[in-house]
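> curious how this folds, go ahead:
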Amino acid sequence: MTVLSVNINKIALIRNSRGGDVPNVLRVALDCERFGAQGITVHPRPDERHIRYRDVRELRKTITTELNVEGYPSDTFCELVSEVKPAQVTLVPDPPDALTSNAGWDTITHFDFLRDVVNHFQKHGVRVSIFVDPILKMIESAKKIGAERIELYTEQYASMYNSDKNKAVAPYVDSSRFAASIGLQVNAGHDLNLENLAYFKQSLPVLHEVSIGHALVADALYFGLEHTIQMYRERLFI
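Below you'll find the model as predicted:
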């Protein structure tokens, strides 16, 4: 079974655009769970332009599904994760001013840094996933670093899907198979949507979790949050 983790950053962005507490991030997370989401993902950034650090603390105390906290492992991020102890932390190589994730880690160049961060989080009982492109040597290095999972960066797949979906998915199939063969679990995320998700799921030999936020929240404007989550879940069971 592939787990659907709903990224609620865009909900927090809407809230922050007007101040106050509408929409309420915690209530939306609980509704996502009630409607079928099997996890909640957040990506706090240093300027707290969407998810705030206090949101992460409140979510950890309240939600009953897995909490996945994404981000660049700065000192403040590491302190937050060590305090909150989510089920999973996903390490993303975003600079502080990045609008959104746009590349996976070079796990060879940053091997020592990532190994220290992974060891630190694992001592706190947190499962670690490393965000990578579908490149076998980067996946192999993530395993040597000690991560339990990788998250495949799927923007390349999404951008090529309409022109040649077979070619688009091929490196992800190879990456999934290779990761499983060396003992890594496989997550995926970025630009997955109702159109391209089912084919991605069908094609990969192993896929433990997808994290979807922007497209899901946009679809919810038309279909409603409950129906949208059910539609995404259906794509994962095809």
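
> for the chain, what are the low-confidence residue spans?
The model of the chain has pLDDT under 70 over residues 95-101, 238.

> which one's the longest helix in it?
For the chain, the helix with the greatest residue count under DSSP state H is helix 165-181.

> show me what counts as buried in that one.
By neighbour count on 16 or more other CB atoms under 10 Å, the buried set for helix 165-181 is 168-169, 171-176, 178-180. Heads up, the C-betas are built off the backbone N, CA and C, glycines and all.

> give me the neighbour count for residue 65.
Close neighbours of residue 65, defined as other CB atoms under 10 Å, add up to 18.

> got it, and residue 1?
Residues near residue 1, counting by other CB under 10 Å, number 9.

> also residue 143?
The tally of other residues near residue 143 (other CB under 10 Å) stands at 17.

> OK, contacts around it?
Contacts for residue 143 (CB atoms under 8 Å, 6 or more residues apart in numbering) come out as 179, 182-184.

> helix, strand or coil for it?
Under DSSP: H, G, I helix; E, B strand; the rest coil, residue 143 falls in the helix class.

> just the helices in this protein please.
Ranges of helices within the chain are 9-18, 25-34, 53-62, 75-84, 111-123, 136-145, 155-160, 165-181, 197-203, 214-223, 225-237, based on DSSP H.

> would JSON lines of the ones you listed with distance to residue 105 be doable?
As requested, the helices of the chain are exported to JSON lines (distance: least, CB to CB, whole Å):
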{"stretch": "helix 9-18", "distance to residue 105": "20"}
{"stretch": "helix 25-34", "distance to residue 105": "27"}
{"stretch": "helix 53-62", "distance to residue 105": "22"}
{"stretch": "helix 75-84", "distance to residue 105": "15"}
{"stretch": "helix 111-123", "distance to residue 105": "7"}
{"stretch": "helix 136-145", "distance to residue 105": "7"}
{"stretch": "helix 155-160", "distance to residue 105": "15"}
{"stretch": "helix 165-181", "distance to residue 105": "14"}
{"stretch": "helix 197-203", "distance to residue 105": "21"}
{"stretch": "helix 214-223", "distance to residue 105": "21"}
{"stretch": "helix 225-237", "distance to residue 105": "26"}
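
> among the ones you listed, which is nearest residue 91?
Distance to residue 91, taken as CB to CB, is lowest for helix 111-123 among the helices of the chain, at 6.5 Å.

> which elements pack onto that closest one?
Counting contacts by 3 or more CB pairs under 8 Å, 6 or more residues apart in numbering; DSSP states H and E, helix 111-123 packs against helix 75-84, strand 88-91, strand 127-132, helix 136-145.

> got the CA coordinates for the shortest one in CSV?
Which is strand 88-91. Presented in CSV, the C-alpha positions along strand 88-91 are these (Å, rounded to 0.1, in the frame of the first residue of the first chain):
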residue,chain,number,x,y,z
GLN,A,88,9.7,11.1,9.8
VAL,A,89,12.0,14.0,8.8
THR,A,90,12.7,14.5,5.2
LEU,A,91,16.0,16.4,4.5
